[in-house]
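In: this is a predicted model, with the sequence first.
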Amino acid sequence: MATLAGGSPNAAALAAAATAVGVRMAEDDTWEDIFSRILLAKVEPYLGNGRATCSIGTRPSWRPWHGPTPATRASRIGSNSTPAAWN
């Protein structure tokens with residue numbers, strides 16, 4: 001990721017690269033915004049086409065799309081009734 005050289009995001013360089021491959025963005029987009037637009041336009045449409053796709057990584061601490069975290073569920077209903085799949 002040449003746009004992260006030196007440890008600091010270079011939004012202008014990423015914007016130039018994104019524009020070169022046809023990704024549109026807003027004038028006030030940050031590096032993170034542009035990166036997300038690239039993922040949505042150039043990567044996400046191809047996930048799972050012709051083969052299974054698994055996203056592997058750590059779970060975010062804030063997960064509004066997944067509901068409560070396993071720890072929150074356990075505290076609400078008691079740790080003895082927490083399914084193993086929640087861990």
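Out: Good, I have the coordinates. What you see is a predicted model; the values in this text were computed from it and never measured.
In: now do the phi/psi pair for residue 52.
Out: The phi/psi pair for residue 52 (degrees, to the nearest 10) reads phi -70, psi 150.
In: can you tell me how far the residue nearest to residue 24 when sequence neighbours are not counted sits from residue 54?
Out: In this structure, residue 24 finds its nearest non-sequential neighbour in residue 37, 7.5 Å apart by C-beta to C-beta, 6 or more residues apart in numbering. All C-beta atoms are positioned from the backbone trio N, CA, C, and that covers glycine. As judged by C-beta to C-beta, to the nearest Å, residue 37 and residue 54 stand 23 Å apart.
In: try residue 27
Out: Counting by C-beta to C-beta, the gap from residue 27 to residue 54 is 36 Å.
In: ok, residue 10 next?
Out: From residue 10 to residue 54 the distance is 31 Å (C-beta to C-beta).
In: the more surrounded of these two?
Out: More crowded of residue 10 and residue 54, by other C-beta atoms under 10 Å: residue 10, with 16 against 6.
In: wait, isn't the more buried one in contact with residue 31?
Out: Yes. Between residue 10 and residue 31 a contact is recorded at 7.1 Å, counting by C-beta atoms under 8 Å.
In: who touches both of those two?
Out: Shared contacts of residue 10 and residue 31 (C-beta atoms under 8 Å, 6 or more residues apart in numbering): residue 3.
In: alright, calling it a day.
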